[in-house]
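next comes the sequence, and after it the predicted model I'd like to discuss.
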Amino acid sequence: MNTHSGSGDRHRTLATLAGVFGEAGVRHEVMQVTRPKQLRTVAANAVALAAREGGTVVAAGGDGTINTVAHAVLDTELPFGVLPHGTFNYFSRTHGIPTDVEGAARTLVTGTPRPVQVGRLNERLFLVNASLGLYPRLLEEREAYKRRYGRTRWVALCSGLLTLLREHWQVLLRVEHEGEPRLLKTSTLFVGNNALQLAQIGIDDAPVVAQGQLVALSVKTGGRWAMLGLLLRGAVGRLGSADQVASFAFRHLEVEPVLRRARPVKMKVSVDGETQWMSTPLVFGVEPKPLWLIVPPAA
């Protein structure tokens, strides 16, 4: 459990979990994470414990926390559960997992494991999206605003608006899509693995996600009013119809900047809301192994 995710009361969360699991006769152990650097170690310990006890590993937090724990679980094929505590909770919502603590906890007791698709960017997995360009910058600005004003959707949306109106960034990329190389000039290259998120912003290719494909969006650079227009289109589910946006489905995609340098180039990327520097070429694809996610019985 990431104690810094969301805006809820962790003591109330712990009490709710104890009540639901106690009523069902399910033994559980909560491993609380107070510092981000602890998360990988705690996730590994949870996986080892679940493997010994024949149990389930559960991640309680936002998409970034869920991503890290899922990375530890994937190779083991252990059942994986989610208690969503993030701002948008796209991963849990797209699989029908309730966003309230009690509903999500009851899903862990009554649900069944189902294989779900996982994306990969070089050595990192992603459950929702991965991107480069302006979007990672937007996420960094969003986290700064959240620390100052609170972890709510309104803060996230307003910070995104301010970043889009201020930043003007573009890069020339060499892209190899299904074996066909081409040049792409863009401000953001966004790769989605979440049908709900893509459908909400109006991308027609959204249904192919979870069918062995991912969806890429390329956004051309524009002025302040053009960027504002794109934001509004996304808010009303019509981003896919904008002239500045191109989208396509793929199984394998290689990306690198067009730069005349002998040494390897690193680019800033975001993976499920967490930013980092990654060496190029950037290789996007679908992870061969699925994640065995516990979903509601009717899902």
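Perfect, thanks for sending it.

tabulate the CA atom coordinates of stretch 72-82 in CSV.
Taking C-alpha atoms only, stretch 72-82 is exported to CSV below (Å, rounded to 0.1, in the frame of the first residue of the first chain):
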residue,chain,number,x,y,z
ALA,A,72,7.2,-7.9,-9.6
VAL,A,73,4.2,-10.3,-10.1
LEU,A,74,4.2,-10.9,-13.9
ASP,A,75,6.8,-13.6,-14.2
THR,A,76,5.4,-15.6,-11.3
GLU,A,77,1.8,-15.9,-12.8
LEU,A,78,0.4,-15.3,-9.2
PRO,A,79,-3.1,-13.8,-9.0
PHE,A,80,-2.9,-10.0,-8.9
GLY,A,81,-5.4,-7.7,-7.2
VAL,A,82,-5.9,-3.9,-7.2
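
strands of the stretch 151-299 of the chain, start to end?
171-177, 180-186, 188-192, 214-219, 245-250, 252-257, 266-271, 274-279, 282-286, 291-295 (DSSP state E, counting those that start in this stretch).

check which helices and strands the helix or strand Arg93 falls within sits against.
Assigned by DSSP states H and E, Arg93 falls within helix 90-94. The contact analysis (3 or more Cβ pairs under 8 Å, 6 or more residues apart in numbering; DSSP states H and E) places helix 90-94 against helix 63-73, strand 80-84, helix 195-200. Any C-beta I mention is one placed from the backbone N, CA and C, and that applies to glycine too.

tell me which of the strands of the stretch 151-299 of the chain sits nearest to Gly22.
For Gly22, the closest of the strands of the stretch 151-299 of the chain is strand 291-295, at 18.8 Å, according to Cβ to Cβ.

what mean pLDDT does the closest one get?
Mean pLDDT, computed over strand 291-295, is 98.

dump it to PDB, restricted to CA.
Below are the C-alpha coordinates for strand 291-295, written out as PDB (Å, rounded to 0.1, in the frame of the first residue of the first chain):
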ATOM      1  CA  LEU A 291      -1.100 -10.400 -16.000                       C
ATOM      2  CA  TRP A 292      -3.600 -12.600 -14.100                       C
ATOM      3  CA  LEU A 293      -5.800  -9.800 -12.700                       C
ATOM      4  CA  ILE A 294      -8.700 -10.600 -10.200                       C
ATOM      5  CA  VAL A 295     -11.800  -9.000 -11.700                       C
END
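
got a list of what Glu102 touches?
With contact taken as Cβ atoms under 8 Å, 6 or more residues apart in numbering, Glu102 is in contact with Thr16, Val20.

recalculate using a threshold of 10 Å.
The neighbours of Glu102, taking Cβ atoms under 10 Å, 6 or more residues apart in numbering as the test, are Thr13, Thr16, Leu17, Gly19, Val20.

and Ala15, helix, strand or coil?
Assigned with DSSP: H, G, I helix; E, B strand; the rest coil, Ala15 falls in the helix class.

okay, now it: neighbour count?
A count of nearby residues for Ala15, using other Cβ atoms under 10 Å, gives 12.

same question, Leu183
The number of residues near Leu183, taken as other Cβ under 10 Å, comes to 9.

give me the distance between it and Val42.
44 Å (Cβ to Cβ, to the nearest Å).

then Leu173?
Leu173 is 37 Å from Val42, by Cβ to Cβ.

do the same with Glu102
Separation of Glu102 from Val42 (Cβ to Cβ) stands at 24 Å.

related to what we said a few turns ago, flag every buried residue along the helix holding Arg93.
In terms of neighbour count (16 or more other Cβ atoms under 10 Å), helix 90-94 has its buried residues at Tyr90, Phe91, Ser92, Thr94.

how about these in JSON lines, adding pLDDT and distance to Thr188?
JSON lines is the format used below for these (pLDDT from 0 to 100; distance: Cβ to Cβ, whole Å):
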{"residue": "Tyr90", "pLDDT": "89", "distance to Thr188": "18"}
{"residue": "Phe91", "pLDDT": "93", "distance to Thr188": "21"}
{"residue": "Ser92", "pLDDT": "93", "distance to Thr188": "25"}
{"residue": "Thr94", "pLDDT": "92", "distance to Thr188": "21"}
